[in-house]
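Visitor: my questions concern the predicted model and sequence given below.
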Amino acid sequence: MKLTVLALDGCFDTGLSAILDAFTTANELAEIQQPGEGPRFDINVVGMRGEVRTGLGMRVPVKPASAMGKPDWLIVPAIAAKMPDQLVPALARRDVRDALALLREARAEDVKIAAACIGTFVLAESGLLDGQEATTSWWLAPLFRQRYPEVCLDSTRMMVPSGNFTTAGAAMGHLDLALWLLNQASPALASVVVRYLLVDARPSQAPYMIPDHLARADPLVERFERWARDRLAEGFSLDAAADALATSTRTLQRRIEAVLGKSPLSYFQDLRVERAVHLLRTSRLNIEAIAAEVGYADGATLRSLLRRRLGRGVRELRLG
């Protein structure tokens with residue numbers, strides 16, 4: 001498999017190295033298993049300029065993008081612009097605009113494209129993800145939805161293959177992306193790499209999300225979040241929320257769905273889950289008492305919700 005990694009100036013050091021380390025390890029392990037057959041993965045790093053500096057200022061040797069050829073996959077790691085006020089200007093940089101043209105040219109030549117973390121913004125900026133499913137860094141989901149409304153975003157998922165594209169979630173999602181690509185070529189080799197790198201399964205970003213960070217993207221959603229936190233033990237009422245916030249139910253519903261990609265009730269349940277997990281980890285309350293604290297009739301209902309939302313049971317959550 002021929003792979004090209006597109007390193008942009010200010011790229012996320014950990015993301016770039018995670019991808020390169022995973023494939024280098026795979027080649028080393030493949031040589032041990034089947035000596036003399038050569039590397040399974042031909043990996044090249046290209047850049048839009050003669051030299052690339054990472055987010056931490058390290059210099060990365062790159063080949064010119066013009067010499068990329070036709071890889072099986074073109075991989076876009078994150079740029080180290082973690083917040084909207086940094087990211088939006090970064091997307092307007094000349095080298096990023098040139099990279100968008102490269103992505104479009106590669107796709108026209110039938111190259112498959114993968115991106116992780118904030119690299120998904122670069123891919124979406126090209127317009128190639130329109131009509132496709134995707135994921136991104138969970139805390140930037142509101143900005144992603146606003147900027148790329150034609151992309152079907154599911155920010156709870158860690159990996160989203162869609163057509164000729166694959167996107168991965170935040171930060172260490174780079175490693176998940178590399179392992180997913182390894183698995184496409186050789187499931188057996190990917191399994192060995194997982195064991196050598198001590199990688200745990202992370203099928204979802206949901207356990208890592210911080211609901212109030214998402215709410216801050218919009219003043220009305222932030223006010224709803226504060227209102228909801230004071231009423232987690234009560235039954236949810238959209239009418240009561242709208243009245244308290246001096247808006248209409250339609251406006252509240254529309255704004256929350258636009259910013260968070262979910263209904264007010266679903267977000268209210270997210271807050272209940274967050275509070276329940278906090279109590280499991282910081283108190284001696286039993287599951288029945290915690291259920292009452294967050295507005296559920298019994299512990300069984302809460303257990304089921306936690307398992308469905310987070311993929312983990314009460315005992316696992318208590319252990320952290």
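Guide: Great, that's in hand. Numbering: from 1, shown residues only.
Visitor: low-scoring stretches of the stretch 151-300 of the chain, by residue?
Guide: Residue ranges of the stretch 151-300 of the chain with pLDDT under 70: none are present.
Visitor: need the pLDDT of Gly36.
Guide: Reported pLDDT at Gly36 in the predicted model: 75.
Visitor: the strands in the stretch 101-250 of the chain, which residues?
Guide: 112-116, 133-134, 152-153, 159-162, 165-168 (DSSP state E, counting those that start in this stretch).
Visitor: can you list the ones you listed in TSV and add distance to Leu87 and mean neighbour count?
Guide: Yep, even glycine has a C-beta here, placed from its N, CA and C like the rest. Output for the strands of the stretch 101-250 of the chain, formatted as TSV (distance: least, CB to CB, whole Å; neighbours: other CB atoms under 10 Å):
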stretch	distance to Leu87	mean neighbour count
strand 112-116	14	27
strand 133-134	16	20
strand 152-153	16	19
strand 159-162	20	18
strand 165-168	16	28
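Visitor: please produce TSV containing those strands, extended by distance to Thr4.
Guide: Shown next, in TSV, are these (distance: least, CB to CB, whole Å):
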stretch	distance to Thr4
strand 112-116	10
strand 133-134	20
strand 152-153	26
strand 159-162	19
strand 165-168	15
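Visitor: of all those, which lies closest to Gly299?
Guide: strand 159-162 (32.2 Å; CB to CB).
Visitor: which outside residues touch the closest one?
Guide: Residues from elsewhere that reach strand 159-162 (CB atoms under 8 Å, 6 or more residues apart in numbering): 129, 132-135, 152, 154, 166-169, 173, 176-177, 180, 203.
Visitor: what do you get if the cut-off is 10 Å, keeping everything else the same?
Guide: 112, 114, 116, 120, 129, 131-136, 151-154, 166-169, 173, 176-177, 179-180, 184, 202-205 (CB atoms under 10 Å, 6 or more residues apart in numbering).
Visitor: same deal with stretch 180-190?
Guide: 1, 3, 19, 22-23, 25-27, 29-30, 33-34, 40-41, 72-73, 75, 112, 114, 116, 158-159, 161, 166, 168, 173, 178-179, 191-194, 199.
Visitor: from the chain's centroid, how far away is that stretch?
Guide: Relative to the chain's own centre, stretch 180-190 is displaced by 20 Å; criterion: CA atoms, centre = their mean, to the nearest Å.
Visitor: buried sites along it?
Guide: 180-182, 185-186, 189-190 (16 or more other CB atoms under 10 Å).
Visitor: before we move on, the earlier item: filter the contacts of stretch 180-190 down to the ones in helices?
Guide: Counting by DSSP state H, these place 19, 22-23, 25-27, 29-30, 33, 173, 178-179, 191-194 in helices.
Visitor: identify the farthest-apart pair in the residues you listed.
Guide: Gln33 and Gly173 (27.3 Å).
Visitor: looking at the two, which is more packed in?
Guide: When neighbours are counted by other CB atoms under 10 Å, Gly173 comes out ahead of the other of Gln33 and Gly173, with 29 against 13.
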